[in-house]
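1. All I have is the shape, not the residue letters:
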C-alpha cells in the first residue's frame, strides 16, 4: 500500500492578499480629570447657556471636543463610545451639572461612600444614568450621593 502526502503551499500572491486582523485601537490617555473633561466639553457646546438638556448629537460640537481633548478618532475609535459618560454629563441641565460639580468636590473630600480608594470621580459613577432624561430623577440620585444617603454601589445598581 502506497500513501501519498500532498503538500500545498500558498503562492506569494495568495500570501499577500490574506486579510490581516484589524489593528488594535490605541487607548486614549486622559490628561484631565473626568469633571475637567466634562467642563471643557460643556464650554465648547454652542448652546451651553441653556438650562435644559443640551443636544448631544451636534457633530460640530463633538469635533470641537475631539480637537480640544486631542482625541484621534482614526487611532482610538469612535469618540461617542470612548466619551459616553462625559458627553452625557456635559449635556445635563444646569441644575444637574451644578450637582455634578458638588459631587466632584465631595469625591475629593472623601465624603462619597465608595468601596474604592480613589478620591477622584470617574465616568463609572454615571453609567447607570446615561440616556436618562428625567431631570428630577437625576437630581434625586446626585443629591443622595452628595448627601451620603446613597452609596455609590447602590447608585450603580439603579436604572432610570
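-> Everything's here; your move. What you see is a predicted model, and the numbers here were worked out from it, not measured in a lab.
2. what about the longest helix in this protein?
-> Secondary structure of the chain per DSSP state H: the longest helix is helix 94-109.
3. pLDDT (mean, whole number) over that one?
-> When pLDDT is averaged along helix 94-109, the result is 92.
4. same thing with stretch 41-56?
-> In this model, stretch 41-56 has a mean pLDDT of 94.
5. list the buried ones in that stretch?
-> 41-42, 44-45, 53-54 (16 or more other C-beta atoms under 10 Å). To be clear about C-beta, it is placed using only N, CA and C from the backbone, and glycine gets the same treatment.
6. dump the residue contacts of the closest residue to residue 135 other than its chain neighbours.
-> Spatial nearest neighbour of residue 135, chain neighbours left out: residue 93 (5.2 Å); criterion: C-beta to C-beta, 6 or more residues apart in numbering. Taking C-beta atoms under 8 Å, 6 or more residues apart in numbering, we find residue 93 in contact with 51-53, 135.
7. mind redoing it with 10 Å?
-> 50-54, 99, 133, 135, 138-139 (C-beta atoms under 10 Å, 6 or more residues apart in numbering).
8. Give the next helix or strand downstream of the helix or strand of the chain with the lowest mean pLDDT.
-> Least confident helix or strand, the chain: helix 12-17 with a mean of 47, by mean pLDDT, DSSP states H and E. Following helix 12-17 in sequence order, the next helix or strand is helix 34-44 (DSSP states H and E).
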